[in-house]
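Engineer: With the input below, show me the fold.
(chains A and B)
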Amino acid sequence: MGEFRMPSLGADMEAGTLVEWLKAPGDRVARGDIIAVVETQKGAIEIEVFEDGTLDRTLVEVGAKVPVGTPLAVIRATGEAAAEVAKAPAPIPAPKPEAPKPKPAPRAEPSRAPEAGARLRITPAAFRAAEKLGLDPERLRAIRGTGPDGAITLGDIEAAAEAAPEAPGPMTEMRAAIAAAMARSKREIPHYYLAQSVDLTRASDFLTAANAGRAPENRLLLGVMFLSSVVRAAQDYPEFNGHFIDGAFRPAPKIHAAMAVALRGGGLVAPAILDSGDCDLDTLMTRMRDTLGRVRAGRFRARELSEATITVTSLGERGVETLFGVIQPPQVAIVGFGSPAERPVVQDGKLAAALTTTVTLAADHRVSDGHRGALFLRAIDRHLQEVTAS
Amino acid sequence: MTKDDIEKLVRGELARIAPDIDPDAIDRDGDLREECDIDSLDFLNLVTALGKALSMPMPEADYPAMRSLNGLVAYLSRGSAASAG
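Structural biologist: Here you go, the predicted model:
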């Protein structure tokens, strides 16, 4: 008997809303089946089951928002008897629409507001909380402290934050998710950055030859060659593929390379192509089209977000020369591809024009150093020069 | 297929790929990728869909002729006229 839980789809996710059950109690399920859809900050995510068996019962009703780790359903392994119904806890119900709670009345007891210009009395915990919330001194002065000598306490800050109007400007859920992940990345990960100019003549010639006889649906794009070169380089240099968790780097046994994708209308997601290390170029292209098609339709799978081990970000043809990525925690590296263009290069001692791009690496200095990073970048370059249809 | 039918087909596929773009508001002679903010995969999906609808091979070598909305409609009109006989 296994519990099927609300998965964590990224370091910044705390809760998700169950929007659909795709299997009913009594249905047989196999590892990899999609059994539920969950709404998160990143959009609707399809959730897979990790074991074979039978869906015994669901524990969460459609519409309920539950924290990460909450059991959603019970999966009965093949051969196991059904659980006694009496033992089953009541399902977590969907929230009933309720009238907005009235705001608590302002505190009646007189408490001294600090005079303008006077030193602000505030407890250290309250000060830290205020800093975290971004409350400026003006706002702090407006708070009436309830502590000794009118000092502002943590409780006062929390009450003030609750009463505060929404932050100005539209901050969509996805923007908030990106903000949380990127702020955490820049706060926790000591990035180092390397860049290398790479000649794409061979890769481009290879594509032209390979695509000449192909119907459009079977054509390859330069983007998939970028992805493939990173996957192969990550096989050579495993310290760029994995997760930094609880103070230690855990190299990932498989490569699940994520692609950063800008969404129309704003926002960014980076779904992974699972087991990309096992894919040849054509398979990788098919998987990339499938994944991006689903992402643009606003629907992807949980593991595609939670299990990414390294990220590739590319500006495409209409961007600029160079981009340096921000690592997605808990990953430890992100490889960036600038827009390919004809640029001057030196070939056989002579100046020539060649299709080039700038490949960059942003990597976690807790895990690797510039020397290895440089070798990793050069391996990407090498794989782009050695392209074959494989 | 008349040129109007092809125009309708192209608009339909563009609307699927770039639903936020008003095809009447773009520069019909400008680079379609710039005008509609579409990337190379979007463009490949567009070419795939149009090629299927019109039974045209849409070779990469002809991409320059498909660069703008006007160019693309003209290219498809020529191709569909040729295949129709």
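
Engineer: Provide the backbone phi and psi angles at residue B:60.
Structural biologist: Dihedral pair for residue B:60: phi -60, psi -30, per degrees, to the nearest 10.

Engineer: which ones are touching the residue lying closest to residue A:238 once chain neighbours are set aside?
Structural biologist: Take residue A:238 and drop its neighbours on the chain: the residue closest to it by Cβ to Cβ, 6 or more residues apart in numbering or on different chains is residue A:251, 4.8 Å away. The C-beta positions use only the backbone N, C-alpha and C, and glycine is treated the same way. By Cβ atoms under 8 Å, 6 or more residues apart in numbering or on different chains, the residues touching residue A:251 are A:238-239, A:241-242.

Engineer: which one of those residues sits closest to residue B:11?
Structural biologist: residue A:241 (43.6 Å; Cβ to Cβ).

Engineer: And the pLDDT for that closest one?
Structural biologist: On the pLDDT scale, residue A:241 is placed at 98.

Engineer: Could you do residue A:137 as well?
Structural biologist: pLDDT recorded at residue A:137 is 65.

Engineer: do the same with residue A:61
Structural biologist: pLDDT, residue A:61: 85.

Engineer: Provide a list of residues in contact with residue A:259.
Structural biologist: If you count contacts by Cβ under 8 Å, 6+ apart, then residue A:259 has A:223, A:227, A:270-273, A:288, A:291-292, A:311-314 around it.

Engineer: give me the element residue A:46 is part of.
Structural biologist: According to DSSP states H and E, residue A:46 maps onto strand A:43-48.

Engineer: what lines up beside that strand in the sheet?
Structural biologist: Applying DSSP bridges to the sheet, strand A:43-48 is found paired with strand A:34-40 (antiparallel), strand A:299-301 (parallel).

Engineer: Which residues of chain B lie near chain A?
Structural biologist: Within chain B, the positions lying close to chain A (Cβ under 8 Å from any Cβ of the partner chain) are B:18-20, B:33-34, B:37, B:39-41, B:44-45, B:47-48, B:51-52, B:57-61.

Engineer: OK, now which residue of chain B is nearest to chain A?
Structural biologist: Closest residue of chain B to chain A, Cβ to the nearest Cβ: residue B:48 (4.0 Å).

Engineer: Number of residues surrounding that residue?
Structural biologist: By the criterion of other Cβ atoms under 10 Å in any protein chain shown, residue B:48 has 18 neighbours.

Engineer: what residues are up against the residue lying closest to residue A:258 once chain neighbours are set aside?
Structural biologist: Computed as Cβ to Cβ, 6+ apart, the closest residue to residue A:258 that is not its neighbour in sequence is residue A:308, at 3.6 Å. Neighbouring residues of residue A:308 by Cβ under 8 Å, 6+ apart: A:256-258, A:270-272, A:328, A:331.

Engineer: same check, this time on residue A:32
Structural biologist: With Cβ under 8 Å, 6+ apart, residue A:32 has these contacts: A:48-49.

Engineer: just checking, it is part of a helix?
Structural biologist: No. Using DSSP: H, G, I helix; E, B strand; the rest coil, the assignment for residue A:32 is coil, not a helix.

Engineer: Now do the helices in the stretch 201-350 of chain A.
Structural biologist: A:201-212, A:222-236, A:281-296, A:302-306 (DSSP state H, counting those that start in this stretch).

Engineer: okay but residue B:69 is in contact with residue B:21, surely?
Structural biologist: No. Using Cβ atoms under 8 Å as the test, residue B:69 is too far from residue B:21 to be in contact (10.5 Å).

Engineer: what residues are shared contacts of the two?
Structural biologist: With Cβ under 8 Å, 6+ apart as the test, residue B:69 and residue B:21 both reach residue B:35.

Engineer: If you count surrounding residues, which of those two has more?
Structural biologist: residue B:69 (22 against 16).

Engineer: In what element of secondary structure is the closest residue to that one other than its chain neighbours found?
Structural biologist: Nearest non-adjacent residue to residue B:69, counting by Cβ to Cβ, 6+ apart: residue B:28, 4.5 Å away. Per DSSP H and E: residue B:28 is located in neither a helix nor a strand.

Engineer: measure residue B:28 to residue B:35 for me?
Structural biologist: 8 Å (Cβ to Cβ, to the nearest Å).

Engineer: Mutual contacts of the two, please.
Structural biologist: Contacts common to residue B:28 and residue B:35, judged by Cβ under 8 Å, 6+ apart, are B:68-69.

Engineer: buried set for stretch B:2-18?
Structural biologist: Neighbour counts over stretch B:2-18 (16 or more other Cβ atoms under 10 Å in any protein chain shown) mark B:6-7, B:9-10, B:13-14, B:17-18 as buried.

Engineer: Apologies, that question was intended for stretch B:34-49.
Structural biologist: For stretch B:34-49, burial by neighbour count (16+ other Cβ under 10 Å) applies to B:35-36, B:38-39, B:41-49.

Engineer: And for stretch B:57-77?
Structural biologist: B:58-60, B:66-69, B:71-73, B:75-77.

Engineer: From these, pick the one nearest residue A:63.
Structural biologist: For the buried residues of stretch B:57-77, the nearest to residue A:63 is residue B:69 (43.9 Å; Cβ to Cβ).

Engineer: wait, what's in contact with that closest one?
Structural biologist: Residue B:69 makes contact with B:10, B:23, B:26, B:28-30, B:32, B:35, according to Cβ under 8 Å, 6+ apart.

Engineer: Give the residue spans of the stretch 1-150 of chain A that score low on pLDDT.
Structural biologist: A:10-12, A:80-119, A:134-138 (pLDDT under 70).

Engineer: tell me the contacts of the residue nearest to residue B:69?
Structural biologist: By Cβ under 8 Å, 6+ apart, the residues touching residue B:28 are B:68-70.

Engineer: Which of the residues you listed fall within helices?
Structural biologist: B:69-70 (DSSP state H).

Engineer: Let me have the contacts of residue B:28 in a markdown table, extended by distance to residue A:132 and pLDDT.
Structural biologist: Formatted as a markdown table, the contacts of residue B:28 follow (distance: Cβ to Cβ, whole Å; pLDDT from 0 to 100):
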| residue | distance to residue A:132 | pLDDT |
| --- | --- | --- |
| B:68 | 51 | 95 |
| B:69 | 50 | 95 |
| B:70 | 55 | 95 |
